[in-house]
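J.: Dropping the sequence and predicted coords here.
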Amino acid sequence: MKRNGISHIIAVLLLIVIVTVGAILVYLWVGGFLAPKETHEETFAQRLKVEGIKLVPEGSLIVYVRNIGDTKVHVDHIFITTTSGVIVADFPASAEIDPGEVEMLVFPSMSIRRDAPQEENYILQVTAKSGIVGYSSIDGKFVREALSRQTRPLCMVANPWGSDRYHWAVFRYTDGYFKMYGNYFPSGTVLPDTGVPVEEEGGEGYAPILIGVDEYTISTSWVSWSNRPVDSPLIIVYNPTGGREDWVFTWHDPHGTYRFLFQSLGENAAVDFIVFWEDLYYPTTPPGSIDDWKDHVVRVTIFVNGTYRLAVYMAKGGYRQMFYVGVSEPYETIPWTQTPAYVKPTGAYWWTTSGGYIVEDPGKIWYVTP
């Protein structure tokens, strides 16, 4: 009898506990404390997986990422770090990946640190606007191989109207380093055995490289040489989509506002950037004033196979202008000894607009394999 009494008491106590806990849970649920949060659902709905890696011949690193979740992922940045968290490469990628789809993300060679620590493995980190992060291990050989590849520089040349004078800038789009040359002085001096004018250096430095921005103001008025907004004849702007999606870059200068339309070039585009050139800039014979840095504006796209695509948005003024891809030493004689990818004739005016945008002219596009 005693046992039955104790059993009844335990059963009653258990029932009281169950009812009490149930009441508390109902109270919390009604009060919203246990309600599922939309952001929490979003977190578990979006997932990324790295499926492959390859190199562009000029040194950029390509990563193929699949969305294995059930909602679209808006990728906004990609990183490579050491296992201890030191950032080796970063780039503000811009891509949307639908569920089940694979997207090609690219680390341009300029985004990879040249002094990256040498490790057997690195960590790839992909972030999205929702805060989702995808991780994957990368064999260190890919990073080391990317760093071992040296890109040959590009060159822009200006030849003033009706003269035999030239000045030009040889530059690396990977870090913006440039060096200027010219044949203005001394007059009549030629290189031995070649008959071409001797080098007259015009200075060196680093051109601004704009990454992760879609709007820029160079100046709102013409400026004197001593007040120039940048100490460089060039400005380089990277397309965060790599040329695989449409993108618009807005430029402000003393003449107004200009919108440059980058139309998608398809999934094989790897690296995409635009170069702005101020052809009055030449420190050896500095002009009284400088204006807009868009005397020669060219879009440069590098495809997965290493081919360069050059599209001129703007080339204006009385200068003859030339663009070279993959120049080699001696840089002092480039206008006379190397072949340009294209030449804008003296006095020609290249500039095409459509729907309020500055766009590419189909007749001003060249493909080059350096």
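T.: It's in.
J.: Can you report how many residues neighbour Pro92?
T.: Neighbourhood size, Pro92 [other C-beta atoms under 10 Å]: 15. (Glycine included, C-beta is placed from N, CA and C.)
J.: ok, the residue lying closest to it once chain neighbours are set aside - contacts?
T.: For Pro92, ignoring the flanking residues on the chain, the nearest one in space by C-beta to C-beta, 6 or more residues apart in numbering is Gly212 at 3.6 Å. By C-beta atoms under 8 Å, 6 or more residues apart in numbering, Gly212 lies in contact with Pro92, Tyr238, Pro240.
J.: wait, which of those is closest to Trp222?
T.: Checking the contacts of Gly212 against Trp222 by C-beta to C-beta gives Tyr238 as the nearest, at 27.4 Å.
J.: Got phi/psi on the closest one?
T.: Tyr238 has phi and psi values of phi -90, psi 140 when expressed as degrees, to the nearest 10.
J.: do Leu210 as well
T.: phi -100, psi 120.
J.: The residue lying closest to it once chain neighbours are set aside bridge partners, please.
T.: In space, and not counting its chain neighbours, Leu210 is closest to Val237: 4.5 Å by C-beta to C-beta, 6+ apart. Note on Val237: beta-bridge partners Leu210, Ile274, judged by DSSP bridges.
J.: quick one, helices of the stretch 1-150 of the chain?
T.: Under the criterion DSSP state H, counting those that start in this stretch, the stretch 1-150 of the chain contains helices at 2-31, 38-45, 140-148.
J.: the bottom helix or strand of the protein by mean pLDDT?
T.: Least confident element among the helices and strands of the chain, by mean pLDDT, DSSP states H and E: helix 38-45 (a mean of 35).
J.: pLDDT score for the most centrally placed residue in the chain?
T.: For the chain, the residue nearest the mean C-alpha position is Tyr238 (3.3 Å; C-alpha atoms, centre = their mean). Listed pLDDT for Tyr238 reads 96.
J.: For Val343, which residues are in contact?
T.: Val343 neighbours (C-beta under 8 Å, 6+ apart): Arg320, Gln321, Met322.
J.: So the second one sits against Asp295, correct?
T.: Yes: at 7.4 Å, Gln321 counts as touching Asp295 under the criterion of C-beta atoms under 8 Å.
J.: Between the two, which is the more surrounded one?
T.: Gln321 (26 against 23).
J.: Secondary structure element for the residue nearest to Pro92, which one?
T.: Of the helices and strands defined by DSSP states H and E, none includes Gly212.
J.: Would you mind measuring from it to Tyr173?
T.: 16 Å (C-beta to C-beta, to the nearest Å).
J.: and what of Pro57?
T.: To Tyr173, Pro57 is 15 Å away according to C-beta to C-beta.
J.: Using the record's assignment, carve this protein into domains.
T.: 39-148, 154-368 (automatic domain parsing).
J.: Mean pLDDT lowest where, among those?
T.: domain 39-148 (a mean of 84).
J.: about what we covered before: would you mind confirming that the residue nearest to the centre of the chain is in contact with Phe107?
T.: No: Tyr238 lies out of contact with Phe107 (C-beta under 8 Å); the separation is 11.5 Å.
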